[in-house]
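Trainee: no FASTA, just this:
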């Protein structure tokens, strides 16, 4: 874990010092680094990541589980001033610094992470899950609660129903029903995971709920830190 984050301070400083115009250029440069195929070994530890921001303060939670049993192993949270301005499509630059603060507190490195947010299903095909995955060179899956870009047909109401999320004739993600008769989630590639595998892991991890358990627990952990002064975005 230490090796993965040995340059954490340099990474945070570089992200926080960048301008929105430079951030867009960086996203366009880094999107070619995304590996959209399965490039990992056995998954024994899976992490969930979520961030909340209010009044310029960001709160991150990373929750780690054994996989596939989904036995809770460890939770880490962190709070940091959000230096980068709120700009749609550039939320990674507000959120990655505090996520790294939380990740460095874990005693072990997750084998894969599920991020509350978008990955390849992003205007520049480089959302938070891609940015975090490439930065840490870790397999990452994006699980969004709402659409950012693209068009889709509503999946049928049964658990496991899937439809393509498409933009410009390209499949950029999947719409996945994780539970009967509940709103679907928006799954896309983050890094070193294929889209089909991302859908499978998200569905397996949902355990009868709308959100995969790692993301749902990360949301709760961050909410516990934000309830007395911060609000989940």
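Mentor: Noted; the coordinates are in hand. Just so you know, these numbers come straight off a predicted model, no measurement behind them.

Trainee: Longest helix in this protein, please.
Mentor: Longest helix in the chain, counting residues (DSSP state H): helix 213-226.

Trainee: could you pull out the strands for the protein?
Mentor: 45-54, 57-66, 72-81, 112-116, 140-144, 151-152, 162-167, 170-176, 185-191 (DSSP state E).

Trainee: Make CSV out of those strands and add distance to residue 33 and mean pLDDT.
Mentor: C-beta: built from backbone N, CA, C; applies to glycine. Output for the strands of the chain, formatted as CSV (distance: least, CB to CB, whole Å; pLDDT from 0 to 100):
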stretch, distance to residue 33, mean pLDDT
strand 45-54, 19, 94
strand 57-66, 22, 96
strand 72-81, 25, 96
strand 112-116, 16, 98
strand 140-144, 12, 98
strand 151-152, 26, 98
strand 162-167, 20, 98
strand 170-176, 17, 98
strand 185-191, 8, 98
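
Trainee: Mean pLDDT per element in the protein, and the minimum belongs to which helix or strand?
Mentor: Counting by mean pLDDT, DSSP states H and E, the chain has its least confident helix or strand at helix 8-16, which shows a mean of 74.

Trainee: Tell me the helices and strands packed up against that helix.
Mentor: Applying 3 or more CB pairs under 8 Å, 6 or more residues apart in numbering; DSSP states H and E, we find helix 8-16 packed against helix 92-103.

Trainee: For residue 24, which residues are in contact?
Mentor: With contacts defined as CB atoms under 8 Å, 6 or more residues apart in numbering, residue 24 is in contact with 89-90, 124.

Trainee: Serialize those residues to JSON lines and add fields for neighbour count.
Mentor: JSON lines is the format used below for these (neighbours: other CB atoms under 10 Å):
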{"residue": "89", "neighbour count": "18"}
{"residue": "90", "neighbour count": "22"}
{"residue": "124", "neighbour count": "18"}
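
Trainee: From these, pick the one nearest residue 208.
Mentor: Looking at the contacts of residue 24 and their distance to residue 208, the nearest is residue 89, at 32.8 Å (CB to CB).

Trainee: Got phi/psi on the closest one?
Mentor: Dihedral pair for residue 89: phi 90, psi -10, per degrees, to the nearest 10.

Trainee: circling back to that earlier point, please produce CSV containing the strands of the chain, extended by mean neighbour count and distance to residue 215.
Mentor: Formatted as CSV, those follow (neighbours: other CB atoms under 10 Å; distance: least, CB to CB, whole Å):
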stretch, mean neighbour count, distance to residue 215
strand 45-54, 25, 4
strand 57-66, 24, 8
strand 72-81, 17, 13
strand 112-116, 29, 5
strand 140-144, 29, 5
strand 151-152, 14, 20
strand 162-167, 18, 18
strand 170-176, 21, 13
strand 185-191, 29, 9
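
Trainee: which stretch among those strands comes nearest residue 198?
Mentor: Closest to residue 198 of the strands of the chain is strand 140-144 (CB to CB; 4.4 Å).

Trainee: Against residue 192, how distant is residue 137?
Mentor: Distance, residue 137 to residue 192, by CB to CB, to the nearest Å: 8 Å.

Trainee: circling back: helices or strands up against the longest helix of the chain?
Mentor: Checking 3+ CB pairs under 8 Å, 6+ apart, helix 213-226 ends up next to strand 45-54, strand 57-66, strand 72-81, strand 112-116, helix 195-206.

Trainee: Of all the ones you listed, which one is nearest residue 38?
Mentor: Nearest of the helices and strands packed on helix 213-226 (CB to CB): helix 195-206, 5.3 Å.
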